[in-house]
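S.K.: Below is the sequence, then the predicted model.
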There are 2 protein chains.
Amino acid sequence: MKNLIIASTSTIHGSGYLEYILDELAIFFKNTDSILFIPYARPSGISYNDYTKKAAEAFAKINKIVKGIHEFENPAEAIKNAQGIFVGGGNTFVLTYQLYKTNIIKPLQTAIKNGTSYFGTSAGSNICGLTIKTTNDMPIVYPQSFNALAFVPFNINPHYLDPDSNSTHMGETRETRINEFHHYNTPPVIGLREGSWLQVNGDSIVLKGSLTARVFEYNKTPYEVETGTELNHLK
Amino acid sequence: MKNLIIASTSTIHGSGYLEYILDELAIFFKNTDSILFIPYARPSGISYNDYTKKAAEAFAKINKIVKGIHEFENPAEAIKNAQGIFVGGGNTFVLTYQLYKTNIIKPLQTAIKNGTSYFGTSAGSNICGLTIKTTNDMPIVYPQSFNALAFVPFNINPHYLDPDSNSTHMGETRETRINEFHHYNTPPVIGLREGSWLQVNGDSIVLKGSLTARVFEYNKTPYEVETGTELNHLK
């Protein structure tokens, strides 16, 4: 049975790395002492070792041991043997490039289908959707495909940002960008604000955290959903 | 001899479409009465016809006739015969996808090398760089390649935005994103603020407009350059 936390961000303003969600993670990962970390998204180009150390320090507070996937000789085997997986944020294109390069797309899909707990933040949440076509990141590398892990039957937009009515900047708002997505693609997009996450439990997908989320469906006016809303019907 | 205006934006805050740069365009396009418009980037999914109409209305003020490339049976031929070309903004991935699909990458490169005047805004400026890897746009379609037209020997970041020290949002700043680019790529990146443009005349590349631009070179601290600065040495 699928078991996922798909979080908008790792960090909320004024708080430490993963701090806002640690209590949830203690419950979520209650059946495992060790977590496999996938550091491929490399925020600010941090090394795999340093990024894994950062994740390990946060998880130590709830008594979990973290090992980086790069420490294993066979990444597919490491995924198969993991009881819990965490994919951290950074650059979604770099992450996706590396998932294809290391041939772990299929192993991840199989593991999650078989009930391995998956926690993603930011880029690690983007790849839970059908494609990475609603990432906010810069396309600094060219991945083999924009197709993602499809753990949920729609797309994710993490770090969702409301239009700033005081801005004089003429670049597209997030809402404009997602509306443009729907000129070429039909799946729904969930705009997850920082501090929100989707909790997936089998067939149930529920919005968690204190904020509303913005849902963009093809050919519909975007709308807000309250925390606690089941989003299973979206596809 | 190359002759280009590579502008950060089509529109500055509080002003009409192309208004801030129309006087420059009158000089730039002084040797042609008609301009070929490439509407492929389709901002907000606008139709080619409507987008061309919008460009035509702006250019009518300086007595230029605008025709959309989609009105021609053979796009490559239309480019070959054009004396002036304007590529408008919108989504850089959509634009790049369509440039490859219609096989006009090479024809554009040949035309510009032979002296056809090229004016680009936003997405239309992004593609003047080596690659589209420093676009701000959402990857809503998967183009055949991220390689662009390489009219200048570096990358462009249009709509360049300074970090907002009051922001509580945890998404990456523009500077962080461009620094991440340099973990995987070595070419310089010019962050062009709205209202700035690069004027290319043969081998000369000069920053124009009233603002400074931010230059990101591989393994160097980013720095500002004043308007009027020659950027020919960057590569």
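M.R.: Nice, I can see it. The structure presented is a predicted model; accordingly, all values stated were derived computationally and were not measured.

S.K.: can we go C-alpha only for contacts and neighbour counts from here?
M.R.: Will do.

S.K.: burial count for residue A:4?
M.R.: Residue A:4 is flanked by 28 other residues according to other Cα atoms under 10 Å in any protein chain shown.

S.K.: for the lengthiest helix in chain A, packing partners?
M.R.: The single longest helix within chain A, with elements called by DSSP state H, is helix A:48-60. If contacts are counted by 3 or more Cα pairs under 8 Å, 6 or more residues apart in numbering or on different chains; DSSP states H and E, helix A:48-60 sits against strand A:65-68.

S.K.: hang on, the earlier thing: can I have the longest helix of chain A written out in PDB, keeping just the CAs?
M.R.: Written as PDB, here are the backbone C-alpha positions of helix A:48-60 (Å, rounded to 0.1, in the frame of the first residue of the first chain):
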ATOM      1  CA  TYR A  48      26.200  14.300  -1.900                       C
ATOM      2  CA  ASN A  49      28.100  13.800   1.300                       C
ATOM      3  CA  ASP A  50      27.400  17.200   2.800                       C
ATOM      4  CA  TYR A  51      23.700  17.100   1.800                       C
ATOM      5  CA  THR A  52      23.400  13.600   3.300                       C
ATOM      6  CA  LYS A  53      25.000  14.900   6.500                       C
ATOM      7  CA  LYS A  54      22.400  17.700   6.700                       C
ATOM      8  CA  ALA A  55      19.600  15.300   6.300                       C
ATOM      9  CA  ALA A  56      21.100  12.900   8.900                       C
ATOM     10  CA  GLU A  57      21.400  15.800  11.400                       C
ATOM     11  CA  ALA A  58      17.700  16.600  11.100                       C
ATOM     12  CA  PHE A  59      16.600  12.900  11.300                       C
ATOM     13  CA  ALA A  60      18.900  12.200  14.300                       C
END
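
S.K.: List the buried residues of that helix.
M.R.: A:48, A:51, A:52, A:53, A:55, A:56, A:58, A:59 (16 or more other Cα atoms under 10 Å in any protein chain shown).

S.K.: which one of the residues you listed is nearest residue A:117?
M.R.: Nearest to residue A:117 among those, counting by Cα to Cα, is residue A:59 at 14.8 Å.

S.K.: Up against chain B, what does chain A have?
M.R.: A:9, A:11-13, A:43-45, A:132-142, A:145-146, A:159, A:168-171, A:176-177, A:179-181, A:183-185, A:194 (Cα under 8 Å from any Cα of the partner chain).

S.K.: dump the residue contacts of residue A:131.
M.R.: A:146, A:147, A:148, A:149, A:150, A:155 (Cα atoms under 8 Å, 6 or more residues apart in numbering or on different chains).

S.K.: Going by neighbour count, which of those residues comes out on top?
M.R.: That'd be residue A:155 among those, by other Cα under 10 Å, with 28 neighbours.

S.K.: show me what contacts that residue?
M.R.: A:126, A:128, A:129, A:130, A:131, A:132, A:133, A:134, A:187, A:188, A:189, A:190.

S.K.: for chain A, where's the lowest mean pLDDT among helices and strands?
M.R.: helix A:174-181 (a mean of 95; mean pLDDT, DSSP states H and E).

S.K.: ok, and what's touching the next helix or strand along the chain from it?
M.R.: As assigned by DSSP states H and E, the chain's next helix or strand after helix A:174-181 is strand A:189-191. Residues outside strand A:189-191 that contact it (Cα under 8 Å, 6+ apart) are A:134, A:154-160, A:178, A:213-217.

S.K.: Which of the residues you listed fall within strands?
M.R.: A:155, A:156, A:157, A:213, A:214, A:215, A:216 (DSSP state E).

S.K.: Just the endpoints, please. Distance across stretch A:71-78?
M.R.: Stretch A:71-78 has an end-to-end distance of 9 Å (Cα to Cα, to the nearest Å).

S.K.: Quick check, central residue of chain A?
M.R.: Centroid-nearest residue in chain A, with Cα atoms, centre = their mean: residue A:125, separated by 0.9 Å.

S.K.: Let's verify it: helix, strand, or coil?
M.R.: helix (DSSP: H, G, I helix; E, B strand; the rest coil).

S.K.: Likewise for residue A:20?
M.R.: Secondary structure of residue A:20, per three-state DSSP, is helix.

S.K.: so where do the strands sit in chain A?
M.R.: Under DSSP E, chain A gives strands at A:3-7, A:34-38, A:65-68, A:84-87, A:117-121, A:155-157, A:189-191, A:197-201, A:204-208, A:213-216, A:223-225.

S.K.: got a markdown table for those, with mean pLDDT too?
M.R.: Shown next, in a markdown table, are those (pLDDT from 0 to 100):
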| stretch | mean pLDDT |
| --- | --- |
| strand A:3-7 | 98 |
| strand A:34-38 | 98 |
| strand A:65-68 | 98 |
| strand A:84-87 | 98 |
| strand A:117-121 | 98 |
| strand A:155-157 | 98 |
| strand A:189-191 | 98 |
| strand A:197-201 | 98 |
| strand A:204-208 | 98 |
| strand A:213-216 | 98 |
| strand A:223-225 | 97 |
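
S.K.: one step back: neighbour-wise, which of the contacts of strand A:189-191 leads?
M.R.: Going by other Cα under 10 Å, residue A:156 tops the contacts of strand A:189-191 with 31 neighbours.
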